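A.B. asks: could you look at this predicted model? Sequence included:
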Amino acid sequence: MLRKRLLWTAVIALAVAGALTGHIDQASEEQAEDALKNALVTFAVARTLNGVISAAQGTEVALEPGGVGVVLSVGEILDPINDLIERFSAVMLIAASSLGLQMLLLNITSWWGVSGFLFAAAAGFLVVIWAPRTTAAQYAGPALRILLFLLFVRFAVPVLIVGTTLISDTFLAPKQAEATAILRDTTENIERINEEAQPVTPGEQSFMDRLGEMIDESLQSMRVGERMKELKDSASNAAEHIVNLIAIFVLQTILLPLLFLWLFMAGLKGIASRSAKLFEGGSGGRVR
């Protein structure tokens, strides 16, 4: 019994020290800010790509000399990825809002008043468990529930931020960086296509004028044709990475925080359930 009381005292002292010093809050806030910055950078890259695609919607490319042959619209190739980016933008709005909410809750739970309530609850609980056994049996249960509730309020947000950051840095960050780089490359490819695209001109020019432009147009058509093939491949690759980014941000900003929040809550419930055995009174009663 004495050993368990000493263990409880040490654990509570560490928890109160962590709450009062604010080191955990500072580390969590830095991690949340970095996550929000990364999310906004990725969102900005996606919106830039969306703007470039919108500018290319009316671009048409002639793949045969003189405009005779197949005429392709850049917008038709990019329409699917453009729709996907619009959906990705909605996901990123939710993701950024989730990260902003975490930072707001962190500011609230790190308020000195919450730490003060935790300190008071911890002190009261320690007084109870070091009191005579009959007193501990009577008051330890309610004191423990109050203490665990305040521990949850005070540390739930830092725990979910630290846990999510650990998983994200280990498994998600490399894939996010790769996907963002692919979106940048796709943006550059579309911009090059826009610069090299041949306008489809009406046929009011004379035959001699057109004949003088045939060779230049042939060479340019070959280059643009290669670019269009690259663009199709790049757009397909970008679509795959946009889907990956959607999965990454849903996992990082919604699923993982909820998972760590549940684990923290389940851990505290398990501690409350097992610790009840520590406070059995001399009359055989048990605090629940």
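C.D. replies: Sure thing, it's come through.
A.B. asks: and the closest residue to Leu256 other than its chain neighbours, what pLDDT?
C.D. replies: Take Leu256 and drop its neighbours on the chain: the residue closest to it by C-beta to C-beta, 6 or more residues apart in numbering is Thr164, 4.4 Å away. (Each C-beta comes from the backbone N, C-alpha and C, glycine too.) Each residue has a pLDDT score; the one for Thr164 is 96.
A.B. asks: what residues sit buried inside whichever strand or helix holds Thr164?
C.D. replies: With elements taken from DSSP states H and E, the one containing Thr164 is helix 133-167. Along helix 133-167, these residues count as buried under the neighbour rule (16 or more other C-beta atoms under 10 Å): 136-141, 143-148, 150-152, 154-165.
A.B. asks: packing partners of it?
C.D. replies: Helices and strands touching helix 133-167, by 3 or more C-beta pairs under 8 Å, 6 or more residues apart in numbering; DSSP states H and E, are helix 2-21, helix 23-55, helix 74-109, helix 112-129, helix 256-275.
A.B. asks: mind running it again at 7 Å?
C.D. replies: The helices and strands touching helix 133-167, judged by 3 or more C-beta pairs under 7 Å, 6 or more residues apart in numbering; DSSP states H and E, are helix 23-55, helix 74-109, helix 112-129, helix 256-275.
A.B. asks: make CSV out of these and add mean neighbour count, mean pLDDT and distance to Ala239.
C.D. replies: Conversion of those to CSV gives the following (neighbours: other C-beta atoms under 10 Å; pLDDT from 0 to 100; distance: least, C-beta to C-beta, whole Å):
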stretch, mean neighbour count, mean pLDDT, distance to Ala239
helix 23-55, 17, 90, 11
helix 74-109, 17, 88, 5
helix 112-129, 17, 93, 45
helix 256-275, 15, 91, 25
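A.B. asks: could the ones you listed be laid out in CSV, adding distance to Val11?
C.D. replies: Below are the helices and strands packed on helix 133-167 laid out as CSV (distance: least, C-beta to C-beta, whole Å):
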stretch, distance to Val11
helix 23-55, 15
helix 74-109, 19
helix 112-129, 10
helix 256-275, 9
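A.B. asks: re the thing from before, ok, the residue nearest to Leu256 - contacts?
C.D. replies: By C-beta atoms under 7 Å, 6 or more residues apart in numbering, the residues touching Thr164 are 252, 256-257, 260.
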